[in-house]
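Visitor: Generate coordinates for the sequence data below:
(3 chains)
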Amino acid sequence: MNEKEFLYPRRLSPAWWHEFRKNRALFLMLLPGVLVLLFYNYLPMFGIIIAFKNFMFHDGNFFTSLFKSEWIGLRNFEFLFKTPDAYVITRNTLLYNLVFITSCTIISLAFAIMLNEIRSQKLSRFYQGSMFLPYFLSWIVASYLLYAFISPDKGFINTTILKSLGKEPIAWYSEPKYWPYIIVLINGWKWIGNNCIIYLSSIIGIDQEFYEAARIDGANRWQQIIHITLPQIMPVIIVMFLIFVGRIFNSDLGLFYQVPRNAGMLYPVTQTIDVYVFNSLMRMGDIGMSSAAALYQSVVGFITILAANYAVRKIDPDSAIF
Amino acid sequence: MKHTKKLVALVLLLGVVMLGATTFAAAPYEIKWYFIGNGQQPDVKLVEDAASKYIQKKGLNATLKMQCYTWGDEYDNRMRMIIASGEKFDICFTSSWANLYKVNVARGAFLDITDLWKKYAPKSRAQLHPAFITGSAIDGRNYAIPANKELAHQWGFWFNKNLVDKYKMDVTKIKTLADAEPFFKIIKEKEPGVIPFQNLHNENAVRVLDFDRIADDYIPAVLYNDSKDMKVLNMLETKEFKEYIELARKYFLAGYVPADAATVSEFVTDIRAGKVFSKIESLKPFADEERTASWGIPCVTVALTQPVVQTRDCTGSMQAISKTSKNPIMALKFLELFNTDKYLNNLINFGIEGKHYIKVSENVIDYPPGVTAQNSGYKPGTPWMFGNQYLNYFWKGENTSKWEAFKKFNESSISAKSLGFNFDSTPVKNEVAACINVWQTGVAPLVCGAADPKTLPDVIARFKAAGLDKVIAEAQRQLDAWAKKNKK
Amino acid sequence: MRKEQADFNRLSAVSGKTNAVLNIILLGYALICILPLILVVAVSFTDETTLAIHGYRFFPEKFSLYAYEFIFSTGSQVVSAYGITILVTVVGTLLSILIMALYAYPISRSDFKYKNFFTFFLIFTMLFNGGMVSTYLIGVNILKLKDSMWGLIFPYLMNAFWVIILRTFFKTNIPDSLIEAARIDGAGEFTIFFRIVMPLAVPGLATIALFATLQYWNDWFLAALYINDPKLVPLPYLLYQVQTSMQYLLQNSSNIGGMSGDILSKMPSEAARMAMVVIGVGPIVLTFPFFQRYLVKGLTVGAIKG
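Guide: Residues are numbered from 1 along each chain as shown, chains lettered A, B, ... in the order given. All right, here's what the predicted structure looks like:
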């Protein structure tokens, strides 16, 4: 009998109990979060069934109604594909998201590094705070502000800038060709400050010793950035990227519906899956169809994030999410 | 001894049971009522208490609990959640534009009151113009009680009287949209800051065509109001529509219509600032008076269509009984009282006499001294919605012959041929969803003239690709079946 | 320590020229971000009719406080709404930071066997959702969130995205050796967490705390779902109610007859909208400098090295 067996005589305790005791502090830490998720996120997931049913009330009780409603398989999903706009909305959603993630990441990173480099801490904090402000404003307010600029007859650009240049006023809300740029710019304006803060805090957390060592080795500031800062915050960059990829089929209604004011002539470049679903289902109130749309977006996002995570795992296992 | 004990116990038991039974029987039923308006008013409890006392006096063992949600998204979103989650309540406001009547009936949320109505709220039923009853029926069954108010709708011009007088325009000569052109021209030349014709995409002049949109407001499957062959048409392919968009385009290019008409939906601000000369409005007796009060600009109205009653008009304001109600009969009895009792109706509409209003004469009221529209503790803003407008008091300044005028207006109207027909979109719901989307993005720019009429064929093609023909065919099929059943 | 940092910075800082260029770029972008907010404030103080005639201007054509009067005319409700919002924000932020950090720590530990499982458990909730109706049902019937402060706090206690960010911060900024050393010294997991990990992760915690504060402060969605009692209505929801009903009345005349219009005739819609933004966002913008104090380089690295 060795020492261990003397101290912990073999009993009929199962392996999982042993595991639990070993890690019990960590499990305890996880507990509150797990409970919240379980109750608020997992428990309601039975609602996904609505997507496959033709929901009708039967007894004034949601559960019995759901149970008794007719199963119609994938019929609720059809409206997403049968529309002549199916290609356009999918293309728009995907392309915009790809442009968003690349543009926002690159610019936010650049700004974060810059903020870390400039000499005056006070100024750095001022810039940081200002950049973050657009995040406070809701999309409705942003749409009014944009309108103040590009309204065809009252807007600042048409009445002041173009007039002084002697050019004709542009009917902004009727010309699709400007809007991809407008949307990308506005999205950046809203999110760059937010992303920048995340990158900045992670840059701040980098151990100064690394920089010390590099400086002693004779590296200049630029080299330090490339060889220390970037690699050190790469996990954060990758994580942000992966999470974004999980929402690749989603879009922000505020940006694509309210900002362009749902202008009909702009739809080829402003209509995304969410806008289409919102427009169609607003009058119909069909929870089966809206549930189906949400499920469709979730499944695609899920597959994409798994694929991306798998790819990342091959390159750098530590950076992968799971 | 033993027997006595048993007897005492029995008597006690009986006593307890009877006590329990009487308290149980005596507990008044709480009627829960959801409706739309200016939001939950601060003094609503006072009104609830007064109302509860009154209805108990009238023999209904019940108390009233009211919950008001605000205009726009709030009421719709809240009711959607409340109904979807199967919450127990009794009455809710429903209509063709909020807490959609058809949608809720299709999902089985409302109680079928066709027979109950006749039994427990007969007077409410009798006082309605028969069109209300047939118009709000779905497949012959009624699921909500319409409010007794103006029945027909009529489209016409709203003119800014200040400008009309200034340029001495004889607007009474105007009979069609085209007739108004010379007046627009005058305004465009002489008043540079004013919009001659506010033809926005959401309050659009296309309504003057007065098609009967039998499927949905956003689907161009229409019928003529006086259709002789009951044939469902694609509105975009009709002669009238093509002519209209040419005219709209002409006005747009001439600068009579705001350049952002296709995207802006808020029109009141400009009107109130005096920047608008004309727009198309829905008219009814004394509409000019009402608009002047709301917008602060004196006006002149000119009718362009005759009064017509379509199904939509009958479902403009109704109270439905929820299937989850524990005592629908009590709720119906309450509604009966509400629709016929002058005191109760005005209590809920205007509040408590002396506190929220004072009587100026028998039927006219005004704010008590110190109270205004803004600081009044009870102002739900809902007289037209509640029950029976003919019972309402008039605010000081309102024309007291309004109700008689309404009655005359209702009588003089013609009923659309499809009155009473309600389209069930379930068999073609995918196509309907796709079509609604095409409407939202394609029709709006056309009807305000922002898009060139040459693009009309494209929009028609998009509708076809979205399955409009299938919807029209289904609508025709349902219409024919309904017509046959009702021997039209 | 500040002096140390300053010394260090001077030794390897960027050249004066580069510094100037960087400043110009950042200043330019900062202005683009600030100006719209200034415009919002300006419009909120402008007289309504001049807005309709002249549009938005940085300097009000005609100064007016009417928009604010109009909003505050509801009187006591605005005050109670502020109170609720402050309470919910403070409690919600503190509680959620704690719960999220406690969750993020175990999954950041490379020697924790179940980290992948729990990470997946977390991320799955970000991707899949049971839908508003079923969430509402559970919220009302099981969690008793209706007409309760919990309804405004509970749903946001765990945000998958932020937990992952925290996890990544823990992972990269807290060397394993540190934890090992502590363990050898006999420290329990909780001690390690509170004494070592949390202090080192302050920048990350401050960032997430900022986001959480913003979310709780600005949220009207939860109130729209769960709150009926006017005493529990938070500020953003109050403003939302005013705004949507205003918007609706401005876009629709045909559906609404009768004298509900007389309220309409006095509404300063454009200015009021902007005033609502100022009222809603103003206080929180002012707290931003408070958070910035924590977004500073390694406060306690020196202490550990010592």
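Visitor: Name the residue of the stretch 101-250 of chain C with the shortest distance to chain A.
Guide: C:S134 (2.8 Å; C-beta to the nearest C-beta). (C-beta placed from N, C-alpha, C; glycine too.)
Visitor: could you list every residue that touches that residue?
Guide: Applying C-beta atoms under 8 Å, 6 or more residues apart in numbering or on different chains, we find C:S134 in contact with A:44-47, A:50.
Visitor: Out of the residues you listed, who's the most crowded?
Guide: Per-residue neighbour counts (other C-beta atoms under 10 Å in any protein chain shown) across the contacts of C:S134 peak at A:I50, which has 27 neighbours.
Visitor: how close does that residue sit to B:H153?
Guide: Using C-beta to C-beta, to the nearest Å, A:I50 is found at 37 Å from B:H153.
Visitor: same check, this time on B:S124
Guide: In terms of C-beta to C-beta, B:S124 sits 22 Å off from B:H153.
Visitor: and the host helix or strand of the residue of the stretch 101-250 of chain C closest to chain A, what's its mean pLDDT?
Guide: Assessed by DSSP states H and E, C:S134 sits inside helix C:132-141. Regarding helix C:132-141, the rounded mean pLDDT is 88.
Visitor: re earlier: columns secondary structure and pLDDT on top of the contacts of C:S134, output as a markdown table?
Guide: As requested, those are exported to a markdown table (DSSP: H, G, I helix; E, B strand; the rest coil; pLDDT from 0 to 100):
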| residue | secondary structure | pLDDT |
| --- | --- | --- |
| A:P44 | helix | 91 |
| A:M45 | helix | 91 |
| A:F46 | helix | 89 |
| A:G47 | helix | 88 |
| A:I50 | helix | 90 |
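Visitor: Please verify my assumption that B:K231 contacts B:A473.
Guide: No: B:K231 is not in contact with B:A473 according to C-beta atoms under 8 Å; the separation is 11.6 Å.
Visitor: List the contacts of the most centrally placed residue in chain B.
Guide: Taking C-alpha atoms, centre = their mean, the centroid of chain B lies closest to B:G316, which sits 2.7 Å from it. Going by C-beta under 8 Å, 6+ apart, B:G316 touches B:95-97, B:146-147, B:149, C:255.
Visitor: what about B:P445, distance to B:D452?
Guide: 9 Å.
Visitor: same check, this time on B:F159
Guide: Per C-beta to C-beta, B:F159 is found 29 Å from B:D452.
Visitor: Looking at the two, which one has more neighbours?
Guide: The residue with more neighbours, out of B:F159 and B:D452, is B:F159; 26 against 13, by other C-beta under 10 Å.
Visitor: Could you tell me the phi and psi values at the more buried one?
Guide: B:F159 has phi and psi values of phi -120, psi 140 when expressed as degrees, to the nearest 10.
Visitor: Show me what it bridges to in the sheet.
Guide: Bridge pairing for B:F159 (DSSP bridges) gives the partners B:S278, B:V300.
Visitor: ranges for the helices of the stretch 351-488 of chain B?
Guide: B:402-411, B:429-438, B:444-447, B:456-466, B:468-485 (DSSP state H, counting those that start in this stretch).
Visitor: quick one, strands of chain A?
Guide: A:53-54, A:70-71 (DSSP state E).
Visitor: Pull the residues that contact the last one.
Guide: When you say that, I think you mean strand A:70-71. Residues outside strand A:70-71 that contact it (C-beta under 8 Å, 6+ apart): A:52-54, A:56.
Visitor: need those in a markdown table with distance to chain B, can you?
Guide: Listed next are these as a markdown table, based on distance: C-beta to the nearest C-beta, whole Å:
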| residue | distance to chain B |
| --- | --- |
| A:F52 | 15 |
| A:K53 | 12 |
| A:N54 | 8 |
| A:M56 | 5 |
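Visitor: Just give me the residue closest to the centre of the chain.
Guide: Defaulting to chain A. Central residue of chain A (C-alpha atoms, centre = their mean): A:F244, 4.5 Å from the mean position.
Visitor: looking at chain C here, not the other one
Guide: C:L214 (1.0 Å).
Visitor: and that one, what helix or strand is that in?
Guide: Secondary structure from DSSP H and E places C:L214 in helix C:202-218.
Visitor: now check that helix, is it near chain A?
Guide: Yes: Helix C:202-218 reaches chain A (C-beta under 8 Å from any C-beta of the partner chain) through C:203-204, C:206-207, C:210-211, C:214, C:218.
Visitor: that older thread, the residue nearest to the centre of chain A contacts A:I101, correct?
Guide: Yes: the pair A:F244 and A:I101 qualifies as a contact (C-beta under 8 Å) at a distance of 5.0 Å.
Visitor: Of the contacts of strand A:70-71, which is the most crowded?
Guide: A:K53 (22 neighbours).
Visitor: who's in contact with the nearest residue to it once chain neighbours are set aside?
Guide: Closest residue to A:K53 apart from its sequence neighbours, by C-beta to C-beta, 6 or more residues apart in numbering or on different chains: A:S69 at 4.3 Å. Taking C-beta under 8 Å, 6+ apart, we find A:S69 in contact with A:53-56, A:58.
Visitor: could you redo the last one with a cut-off of 7 Å?
Guide: Contacts for A:S69 were tallied using C-beta atoms under 7 Å, 6 or more residues apart in numbering or on different chains; they are A:53-56.
Visitor: before we move on, what about A:P84?
Guide: A:P84 makes contacts with B:462, B:465-466, as judged by C-beta under 7 Å, 6+ apart.
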